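Student: A structural model of the following input is requested.
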Amino acid sequence: MSSLPFPQFLNRYGIKLLFASTADIVPGTILDKKRRGYIPIGHVEHVLGGPSKIWSSKLQPANFVYGTIKRNLSLKGKVSLVQFGIAVSGGLKNARSVTFEISGVKARSFKTQSKITILPQIQKIRRKNRRLWRIINNNWFADYVYYASEAKVTFSVAGGADLKAGIEKRIKISAGANINWESNRSFTITNNVKVPFGFSGWRV
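Tutor: Here you go, the predicted model:
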């Protein structure tokens with residue numbers, strides 16, 4: 001299959017992009033819409049309570065039909081890069097742009113909960129706790145979060161510079177993920193399933 005541009009991929013599958021993602025963004029996270037993306041403000045467990053096990057989740061392959069998802073980003077004037085659970089903290093002065101070619105996406109979802117079970121409880125808060133309702137009203141609840149589990153990362157560099165030498169020790173990846181350098185300007189990431197790039201869900 002041919003590659004699918006990243007914005008088209010998001011639109012096709014109703015995925016919303018996270019602005020600043022961390023490993024604690026999981027199903028049930030409550031997110032506030034900002035200009036540059038969605039920011040977590042809490043979790044449904046903080047609102048509804050109950051034993052933690054009822055909010056447990058599972059990881060599985062995302063049921064998408066696609067080839068490779070491609071995202072191109074300019075690095076002009078940037079000294080660092082944080083995308084798809086990959087962080088580069090410097091060494092990018094010779095890099096002009098970067099291309100992510102995502103060949104594997106995994107999703108995390110609730111084991112037992114869903115909008116059908118959660119929404120009626122949320123609506124009760126509207127009647128019984130107006131202060132809490134004002135905090136969660138108009139925000140988004142994540143049902144699924146998505147990870148770029150497998151991706152190739154390729155940099156465009158000036159003058160054939162050896163980018164690997166400048167950034168190899170400045171790359172941080174999610175716990176359990178693997179990195180394999182293919183050249184002095186490209187590497188692949190596998191098993192990258194800790195920090196999601198996006199979510200799908202519903203709005204209160």
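Student: run a quick neighbour tally on residue 46.
Tutor: Neighbourhood size, residue 46 [other CB atoms under 10 Å]: 12. For the C-beta atoms, the positions are set from N, CA and C on the backbone; glycine is no exception.
Student: just residue 71 next, same as before
Tutor: When counting by other CB under 10 Å, one arrives at 21 neighbours for residue 71.
Student: quick one: residues contacting residue 115.
Tutor: Contacts for residue 115 (CB atoms under 8 Å, 6 or more residues apart in numbering) come out as 141, 143, 201-202.
Student: run the last query once more with 10 Å
Tutor: Applying CB atoms under 10 Å, 6 or more residues apart in numbering to residue 115 gives the contacts 122, 141, 143, 201-202.
Student: can you check residue 72 too?
Tutor: For residue 72, the contacting residues are 5-6, 97-101, 154, 156, by CB under 10 Å, 6+ apart.
Student: in strands, which of these fall?
Tutor: Residues of the contacts of residue 72 located in strands (DSSP state E): 5, 97-101, 154, 156.
Student: from residue 161, how far off is residue 90?
Tutor: Distance check for residue 90 against residue 161: by CB to CB, to the nearest Å, it reads 14 Å.
Student: more neighbours, these two?
Tutor: residue 161 (15 against 12).
Student: ramachandran angles for the more buried one?
Tutor: Main-chain dihedrals, residue 161, degrees, to the nearest 10: phi -60, psi 150.
Student: once you drop chain neighbours, what's closest to it?
Tutor: residue 94 (3.9 Å; CB to CB, 6 or more residues apart in numbering).
Student: residue 145 now?
Tutor: Per CB to CB, 6+ apart, closest to residue 145 is residue 196, 3.9 Å.
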